[in-house]
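**Q** the following block contains a protein sequence and its predicted model.
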Amino acid sequence: SGVLQYAVARGGLLTINPVRELEPIQGGTRKKPRAFDRKEAAEFFAKADADKYARRGQLSQLLRFMFFTGTRAGEVLAIRWQELNLTGSPVRVSDPIAGTMDIPPHSVWISGNIVRVTGQGLLRHEGKTFASQGIVGLPPALVTMLLVQRPSGADEGEPVFPSTKGGWRDPNTLEASIRRLCVRIKVEGFTSHVARKTYGTALDRAGQSASQGADGLRKASVRDTQEV
């Protein structure tokens, strides 16, 4: 509408703005946000762990990480071993883009996001929004899983959940793998964002405020945690 109004007012290319003549779009019913309860999550993990393809591609481990940290798909793929502190003491790490951070014991620093850019391939950038970066604590079971998972001699700059070739994993490929997994294990209505919403729901049920929930989910606005 703005572009067409410019054509009317400045360019003389149009006599009227056709967008202004349109009726407002009437949207349908918004899909209800989905989160797993404790039983659904346990059943989902059991089925994913039993799937040989999910085990082979570290998909079940990756999904666990998303459930227990609330990370987005691109964020979990951007985590390098240097952003994980699996020790009992603080660790200082530096990144040329994200800067320097003191990571507390048993925590992860969410400092980046993986995206596919046309003509350039997969790139790691500083995050979806200014609030995307942050420290997230890791539960003991997740710390143990990651310690077992880490390859001997792994470089600090290597991704925790790499592609089959050892580089960045494509978020689109990850989403496709999740869809195929759900077909195989007969789970309906699951997407990677269900894991994030489950994490947010757990924060809410633990008594955290909307502001605390937004901080935990690293959201720029408290709107979702207030309304959803």
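**A** Yep, that arrived.
**Q** distance between stretch 62-72 and the chain's centre?
**A** With C-alpha atoms, centre = their mean, to the nearest Å as the basis, stretch 62-72 stands 7 Å off its chain's centre.
**Q** whoops, stretch 15-33 was the one
**A** Distance, centroid of stretch 15-33 to centroid of chain: 30 Å (C-alpha atoms, centre = their mean).
**Q** list the contacts of it.
**A** Outside stretch 15-33, the residues that touch it by C-beta atoms under 8 Å, 6 or more residues apart in numbering are 1, 4-5, 8, 197, 228. To be clear about C-beta, it is placed using only N, CA and C from the backbone, and glycine gets the same treatment.
**Q** quick one: contacts for the residue nearest the centre of the chain?
**A** Centre of the chain computed as the mean C-alpha position; nearest residue by C-alpha atoms, centre = their mean is Arg72, 0.5 Å away. With contact taken as C-beta under 8 Å, 6+ apart, Arg72 is in contact with 113, 128, 192-193, 196.
**Q** run the last query once more with 10 Å
**A** 66, 78, 110, 113-114, 127-128, 132, 171, 192-193, 195-196, 217-218 (C-beta atoms under 10 Å, 6 or more residues apart in numbering).
**Q** give me phi/psi at it?
**A** Dihedral pair for Arg72: phi -80, psi 170, per degrees, to the nearest 10.
**Q** likewise Arg55?
**A** The phi/psi pair for Arg55 (degrees, to the nearest 10) reads phi -70, psi -40.
**Q** how about the closest residue to it other than its chain neighbours, secondary structure?
**A** Closest residue to Arg55 apart from its sequence neighbours, by C-beta to C-beta, 6 or more residues apart in numbering: Asp49 at 7.0 Å. Here Asp49 is recorded as helix under DSSP: H, G, I helix; E, B strand; the rest coil.
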